[in-house]
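A.B. asks: Okay, here's the prediction I keep looking at, along with the sequence it came from:
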Amino acid sequence: MTPSKKWILLRGLARGVGHWGSFVDKMKAHFPQDQFELIDLPGNGSRYKEKSPIKISDYVKDLRSHSEFVKSGEPFHILSVSLGAMITVEWMREFPHEVQKAFLVCTSSSGYSPFYHRFQPANVLKSTCLLWAQDEVQWEKTILEMITNSRERRDAELLSLVTYTKGHPVKMENILRQMIAASKYRFPHEAPGDVRLIGSHGDRLVSPDCTLQIAKGWGLKPVMHPWAGHDIPIDDPQWLLEHLL
């Protein structure tokens, strides 16, 4: 029997734990013996009233204080997306004994990629539309059209995501603060531990080349989805689960 693992799941920019959609239930069914801890970044999800830090290391400090796995001294795996993956890298760098393995999905670093790859220019106009979003439906539709490629999966998840966003409205100030933190953070020159880099050739928010360049710098072979958008957990959850090895 496969020994049980502990998982911390971290979302990215302006997204809370409810924005995993149905992925969490699928992951729990896929790994029924494992334990899971979903933690919101300060400023996101259930913590939307808090102020987001502008330093990645401050997110690490905060999240560690909220983790029961950390408090119990038990090592764990981390699955994280985008900004969450940047935080994971710093977590591993500062506390290498805590993270057994990290799965970093569609992330980027200023040390490896130019800014116009880390946020592809085609999204600038789309993202400004969020400033005039009339309601949570328009907000979520705008975001999902930038970060997913499957209309079928968008339609399947939209209602639950809209409902979650209504109860957990992110502040524009916190989005900007999170963007500042992401823009300033540089990955180390070597992988900080046992890492699996996961990207997608269909990512239209962050260039797929960002994952490829990190992999090249770290001497790793990345796992690349053939068509999914930036949010692989929404676009193709089963594929992602099969690559959490």
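C.D. replies: Nice, I can see it.
A.B. asks: other SSEs contacting the lowest-mean-pLDDT helix or strand in the chain?
C.D. replies: Least confident helix or strand of the chain, by mean pLDDT, DSSP states H and E, is helix 123-128 with a mean of 75. Packing contacts for helix 123-128, counted by 3 or more CB pairs under 8 Å, 6 or more residues apart in numbering; DSSP states H and E, involve helix 136-147. (C-beta placed from N, C-alpha, C; glycine too.)
A.B. asks: Could I get the pLDDT score of the spatially most central residue of the chain?
C.D. replies: What sits nearest the mean C-alpha location of the chain, by CA atoms, centre = their mean, is Val81, with 1.8 Å. Predicted confidence (pLDDT) for Val81: 98.
A.B. asks: which residues does it contact?
C.D. replies: Counting by CB atoms under 8 Å, 6 or more residues apart in numbering, Val81 touches 10-12, 15, 105-107, 231-233.
A.B. asks: swap the cut-off to 10 Å and go again
C.D. replies: Val81 sits next to 9-13, 15, 19-20, 88, 103-107, 147, 198, 230-234, 240 when contact means CB atoms under 10 Å, 6 or more residues apart in numbering.
A.B. asks: for Arg204, same thing?
C.D. replies: 120, 122-123, 126, 145-149, 229-230.
A.B. asks: now Val24
C.D. replies: 7, 9, 17-18, 36, 38, 233, 237.
A.B. asks: can you pull up the bridge partners for the residue nearest to the centre of the chain?
C.D. replies: Val105 (DSSP bridges).
A.B. asks: what's the distance between it and Asp203?
C.D. replies: As judged by CB to CB, to the nearest Å, Val81 and Asp203 stand 11 Å apart.
A.B. asks: From Phe103, how far out is His97?
C.D. replies: Here the criterion is CB to CB. By it, His97 lies 18 Å from Phe103.
A.B. asks: So if I had to pick from the two, which one is more boxed in?
C.D. replies: Phe103 (23 against 9; other CB atoms under 10 Å).
A.B. asks: what is the rounded mean pLDDT of the host helix or strand of the more buried one?
C.D. replies: For Phe103, the element it lies in under DSSP states H and E is strand 99-105. Averaged across strand 99-105, the pLDDT comes to 98.
A.B. asks: Give the next helix or strand downstream of that strand.
C.D. replies: Taking DSSP H and E, what comes next after strand 99-105 is helix 115-118.
A.B. asks: How far does that following helix sit from its chain's centre?
C.D. replies: 17 Å (CA atoms, centre = their mean, to the nearest Å).
A.B. asks: ok, residues contacting that helix?
C.D. replies: 82, 107-110, 112, 121, 124, 182-183, 205-210, 213.
A.B. asks: residues touching Gln120, list them.
C.D. replies: Gln120 neighbours (CB under 10 Å, 6+ apart): 146, 203-207, 210, 230.
A.B. asks: Perfect, I'm done here.
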